[in-house]
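# Fold the stuff below for me.
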Amino acid sequence: MLTLSLVMAAAVASGPADTDPATIAAIEATCFDYVDGQLEADPARVARALHPDLAKRAVIGDTPYERLGLRRMSKEELVALTRKGELKTPREQWNRSCRVLDVVGNAASVRLETPWFVDYFHMGKFDDRWIIVNALWYSKPK
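Numbering: from 1, shown residues only. Next up is the predicted model:
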């Protein structure tokens with residue numbers, strides 16, 4: 001039991017707390033570009049935060065057409081929704097947070113929360129830029 005506790009403590013110690021603050025800031029900047037771009041209805045800002053082959057999905061469960069169903073969205077669909085202003089919100093109503101969960105080399109996991117949804121991102125660092133590669137999201141009940 002003591003060995004398991006030591007392993008768990010080591011795993012926690014090697015998380016974002018040991019990550020360079022500039023790296024955390026760069027990852028958070030990408031997260032905020034994504035969400036603030038949606039809230040401002042700025043499709044160019046959203047697009048900059050996303051990998052061209054983005055996989056954005058929500059779990060919907062079994063449907064008549066699919067077992068273990070997922071709602072799928074591409075980068076193009078997400079940018080189009082932003083262009084239409086689907087989430088445009090006055091700045092004084094913005095309530096969002098980005099939390100870096102883990103960073104290893106050029107890969108990171110991030111949690112974004114707004115009043116409307118929670119996203120879990122996998123980000124990758126390409127050259128000197130962090131971008132969202134995968135997103136699993138949950139729409140909060142209204």
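# Quickly note the distance from Asp53 to Val100.
Look at Asp53 and Val100: by Cβ to Cβ, to the nearest Å, they are 22 Å apart. The C-beta positions use only the backbone N, C-alpha and C, and glycine is treated the same way.
# For the residue most central in space within the chain, list the residues it contacts.
Geometric centre of the chain, nearest residue: Phe121, 3.2 Å, by Cα atoms, centre = their mean. Each residue near Phe121 by Cβ atoms under 8 Å, 6 or more residues apart in numbering is listed here: Cys31, Ala108, Ser109, Val110, Arg111, Leu112, Ile132, Val133, Asn134, Ala135.
# burial measure for the nearest residue to it once chain neighbours are set aside, as a count.
Setting aside the residues directly before and after it, Phe121 is nearest to Val110 in space (Cβ to Cβ, 6 or more residues apart in numbering), at 4.3 Å. Val110 sits with 25 neighbouring residues when counted by other Cβ atoms under 10 Å.
# same check, this time on Thr30
Other residues within reach of Thr30, judged by other Cβ under 10 Å, total 21.
# cool, and Asp62?
Applying other Cβ under 10 Å, I find that Asp62 has 9 neighbouring residues.
# Give me the local confidence score for the closest residue to it other than its chain neighbours.
The spatial neighbour of Asp62 that comes closest, neighbours along the chain excluded (Cβ to Cβ, 6+ apart), is Gly69 at 6.1 Å. Per-residue pLDDT puts Gly69 at 73.
# re earlier: Asp53 and Val100 - which one has more neighbours?
Counted by other Cβ under 10 Å, Asp53 and Val100 do not tie: Val100 has more neighbours, with 22 against 9.
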